[in-house]
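J.: need coordinates for the below:
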Amino acid sequence: MPSFSEIKCPECGTRQIVPAQFGGFLLISKLGAGGMGVIYHAMDKELGRQVALKVMKKSLGDNAEFVHSFKHEARAAAALNHRNVVQIYSFGQVKGQPYIVMEL
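T.: The predicted structure is shown next:
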């Protein structure tokens with residue numbers, strides 16, 4: 001089934017969204033998009049927690065300057081610890097596509 005399509009349980013009628021797979025994450029839904037990427041509501045399968053996952057656009061992943069800027073954004077935000085600033089959990093890449101993992 002296509003990712004993010006809605007399905008209905010034939011027994012109980014519960015509606016659910018088909019998640020997408022991105023490395024060790026299940027992408028549950030799209031939260032928003034910007035100039036550099038898309039932010040998803042995701043499940044970190046390794047740690048069993050819900051997170052926000054910002055994924056750089058695939059077209060920008062090959063550009064070292066954009067990747068550096070994206071990583072710089074993650075490091076700058078990770079250096080902050082304030083109740084009004086989202087916590088950064090990690091930064092990584094899946095098949096050359098950089099991502100930032102943040103609290104949801």
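
J.: grab the nearest non-local neighbour of the residue nearest the centre of the chain.
T.: The residue lying closest to the centre of the chain (Cα atoms, centre = their mean) is Leu53, at 1.9 Å. Leaving aside its sequence neighbours, Leu53 sits nearest to Ala42 (Cβ to Cβ, 6 or more residues apart in numbering; 4.1 Å). (C-beta placed from N, C-alpha, C; glycine too.)

J.: now swap in Ala33 and tell me
T.: Ala33 sits nearest to Ile39 (Cβ to Cβ, 6+ apart), 7.2 Å away.

J.: restricting to C-alpha, output the helix or strand containing that neighbour in CSV.
T.: For Ile39, the host element (DSSP states H and E) is strand 37-44. Extracted C-alpha coordinates of strand 37-44, given in CSV (Å, rounded to 0.1, in the frame of the first residue of the first chain):
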residue,chain,number,x,y,z
GLY,A,37,13.1,19.7,3.8
VAL,A,38,10.0,18.1,5.3
ILE,A,39,9.2,17.5,8.9
TYR,A,40,7.4,14.3,9.9
HIS,A,41,5.7,12.9,12.9
ALA,A,42,7.7,9.7,13.3
MET,A,43,8.3,6.7,15.6
ASP,A,44,12.0,6.0,16.5
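
J.: partner strands of the host helix or strand of the residue nearest to the centre of the chain, with direction?
T.: In the assignment (DSSP H and E), Leu53 maps to strand 49-56. Next to strand 49-56 in the sheet, as set by DSSP bridges, lie strand 37-44 (antiparallel), strand 97-103 (antiparallel).

J.: noted, bye for now.
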